[in-house]
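J.: no sequence on this one, just coordinates:
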DNA sequence: TCTGGGGTCCTAGGACCC
DNA sequence: TCTGGGGTCCTAGGACCC
């Protein structure tokens, strides 16, 4: 196999520059959805040492000093530019996998009789001409190796790097494990504990060790480094399995009213997305979290199964609000207060016994799982799903609310979201 | 004060049944 | 009543990615 990874350089910034040529050679950043942090950086920004994901407030002084141009992200524009790039690439190989908004894998196996360097230059020039977007291309035997080759391409003058079999050993010896695709912080730490620091050491590690420490995911990476294709090109995009709408709040949210408003807004967004993509949901999930940057961050989610699949906002909202109540009244509080949890579980068990079977059947679709119930139970002998009849359950929540809101003061929500699953 | 949003895949372990 | 194996299904949580 010969696989090319095409990667658009500083993609969002490049898109902005296409429509505003004055930005050429100027320092430019594009911010995340909420304008919270940097998600795309021009070369000039990288040279200033501003990292990916840096929060905006931390670079305020640099912005003034270097006259940095700042943009909120415009995903409609980027998506459109992305399609143009991908369409162009399809002229160069019949087998193209659109991997992300700014990356694609191309199968070049049929073209090995050509000068691949030349061919890749041709691709670069055409994409540049037709779309205005600069790209880099790395080529090798597998996706994982092509990813590494692409890193080299980015650093080279020509923007193209072909990693030949004869050069792989030297190349991998000079590559640290962190730079291998699929090796994140957690895996890298595990590998280093086992004395594996370079990509070459990883390639030569024993299958048994890797399987045990990193599972099949890790093993696939190792085999790919050895030149064996374990991650074949996916030529048709599989249908999505879930979609999510979430935001961080600019300040902590402590009232149920505010939380409900946020969730209602996210739900209608999710409904729009569903209808646009002609999909329907079979379950919804609501989640809330405290700041990730405090000492003991807490997050929790509640999943509500729907009686029928739907993409009607009103319908979704009904169940989303049930989930919101659950999160607010119980979800986070459960994890916080173990003793209280035990008491509540006890209460709920008695409730369950009072129900007759018919009720349970009838309301099964309203089953609300409260995550984390098992967390502090120790042996796991007591694990219960709280099966509830929504109206009476909500009434009970109302009665208990003073107790919970007291607990709640300790747990300001700074992030909330809503996701829709359509597995069935 | 302010720290993104949106995804996928894998696994361990519990529930439930025979 | 206790013990246990085999199998399936489901979920939470952890890992990764852009």
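T.: Perfect, thanks for sending it. Worth saying up front: this structure is predicted, and the values here are computed from it rather than measured.
J.: What residues of stretch A:237-244 count as buried?
T.: Of the residues in stretch A:237-244, residue A:243 count as buried by neighbour count, 16 or more other C-beta atoms under 10 Å. Just so you know, the C-beta spots here come from the backbone N, C-alpha and C atoms, and that holds for glycine as well.
J.: got the phi/psi numbers for the residue sitting nearest the centre point of chain A?
T.: Taking C-alpha atoms, centre = their mean, the centroid of chain A lies closest to residue A:244, which sits 9.8 Å from it. Dihedral pair for residue A:244: phi -140, psi 150, per degrees, to the nearest 10.
J.: Quick check: beta-bridge partners of it?
T.: Residue A:244 has these beta-bridge partners by DSSP bridges: residue A:419.
J.: Which residues are in contact with it?
T.: A:270, A:417-420 (C-beta atoms under 8 Å, 6 or more residues apart in numbering).
J.: Can you tell me how far the residue in chain A that DNA strand C sits nearest to is from DNA strand B?
T.: Nearest residue of chain A to DNA strand C, counting by C-beta to the nearest atom of the strand: residue A:184, 2.5 Å away. Note on residue A:184: its distance to DNA strand B, by C-beta to the nearest atom of the strand, to the nearest Å, is 10 Å.
J.: What residues does chain A have near DNA strand B?
T.: For chain A, the residues found near DNA strand B under the criterion C-beta under 7 Å from any atom of the strand are A:32-34, A:36-37, A:39, A:52-53, A:55-57, A:215-217, A:238, A:240-252, A:273, A:292-293, A:374, A:380, A:383, A:414-415, A:417, A:419.
J.: helix, strand or coil for residue A:236?
T.: Of the three states, residue A:236 takes coil under DSSP: H, G, I helix; E, B strand; the rest coil.
J.: what are the phi and psi values for it?
T.: Torsion angles at residue A:236 (phi, psi; degrees, to the nearest 10) stand at phi -120, psi 130.
J.: Please tell me the pLDDT value assigned to it.
T.: Residue A:236 is assigned a pLDDT of 90 by the prediction.
J.: Over to residue A:380?
T.: So residue A:380 comes in at 24 (pLDDT).
J.: One more: residue A:417?
T.: 76.
J.: now it, what's its secondary structure?
T.: Under three-state DSSP, residue A:417 comes out as strand.
J.: Now, of the residues of chain A next to DNA strand B, which are buried?
T.: Using 16+ other C-beta under 10 Å, the buried members of these are A:32, A:37, A:39, A:56, A:243, A:245-248, A:273, A:414-415, A:417, A:419.
J.: ok, so of those, who is nearest residue A:164?
T.: residue A:39 (34.2 Å; C-beta to C-beta).
J.: Just say helix, strand or coil for that closest one.
T.: Residue A:39 carries the three-state label strand when classified by three-state DSSP.
J.: For the closest residue to it other than its chain neighbours, which residues are in contact?
T.: Spatial nearest neighbour of residue A:39, excluding adjacent residues (C-beta to C-beta, 6 or more residues apart in numbering): residue A:32 at 4.9 Å. Residue A:32 is in contact with A:38-39, A:73, counting by C-beta under 8 Å, 6+ apart.
J.: So which residues of chain A form strands?
T.: Ranges of strands within chain A are A:3-8, A:28-31, A:38-41, A:69-72, A:96-100, A:103-107, A:135-140, A:160-162, A:242-253, A:281-289, A:299-310, A:368-370, A:413-421, based on DSSP state E.
J.: ok, of those, where does mean pLDDT dip lowest?
T.: Of all the strands of chain A, mean pLDDT reaches its minimum on strand A:368-370 (a mean of 30).
J.: Low-confidence stretches in the stretch 101-250 of chain A?
T.: Scanning the stretch 101-250 of chain A for pLDDT under 70 picks out nothing.
J.: ok, so what distance separates residue A:114 from residue A:207?
T.: Applying C-beta to C-beta, to the nearest Å, the value for residue A:114 to residue A:207 is 35 Å.
J.: So which residues on the stretch 101-250 of chain A come close to DNA strand C?
T.: A:101-103, A:147, A:181-188.
J.: Now restrict the residues you listed to buried residues only.
T.: Buried members of these, scored by 16+ other C-beta under 10 Å, are A:101-103, A:147, A:181-183, A:187-188.
J.: Can you list which of the residues you listed are found in helices?
T.: A:147, A:187-188 (DSSP state H).
J.: Nearest to DNA strand B among those?
T.: Ranked by distance to DNA strand B (C-beta to the nearest atom of the strand), those are led by residue A:187 at 12.4 Å.
J.: How about that closest one: what's its closest non-neighbour residue?
T.: Closest to residue A:187 by C-beta to C-beta, 6+ apart is residue A:214, at 5.6 Å.
J.: Hmm, the one you found is touching residue A:188, no?
T.: No - with contacts counted by C-beta atoms under 8 Å, residue A:214 stays clear of residue A:188, the gap being 10.4 Å.
J.: give me every residue that touches the closest residue to residue A:8 other than its chain neighbours.
T.: Excluding the flanking residues, the one nearest residue A:8 by C-beta to C-beta, 6+ apart is residue A:102, at 4.0 Å. Contacts here follow C-beta under 8 Å, 6+ apart; on that basis residue A:102 touches A:7-8, A:11, A:82, A:85.
J.: what two of these have the greatest distance between them?
T.: Farthest pair in the contacts of residue A:102, by C-beta to C-beta: A:7 and A:82, 12.0 Å.
J.: for stretch A:103-121, the distance to its chain's centre please.
T.: Computed by C-alpha atoms, centre = their mean, to the nearest Å, the chain-centroid distance of stretch A:103-121 equals 30 Å.
J.: Just the buried positions in it, please.
T.: Of the residues in stretch A:103-121, those buried by neighbour count under the rule 16+ other C-beta under 10 Å are A:103-108, A:116, A:119-120.
J.: same thing with stretch A:93-100?
T.: Buried-residue list, stretch A:93-100, by 16+ other C-beta under 10 Å: A:93, A:96-99.
J.: Go through those and name the one nearest DNA strand B.
T.: Out of these, the member with the shortest distance to DNA strand B (by C-beta to the nearest atom of the strand) is residue A:99, at 11.0 Å.
J.: The closest one contacts residue A:106, doesn't it?
T.: No - look at residue A:99 against residue A:106 with C-beta under 8 Å: they stay out of range, at 10.5 Å.
J.: No more questions from me, cheers.
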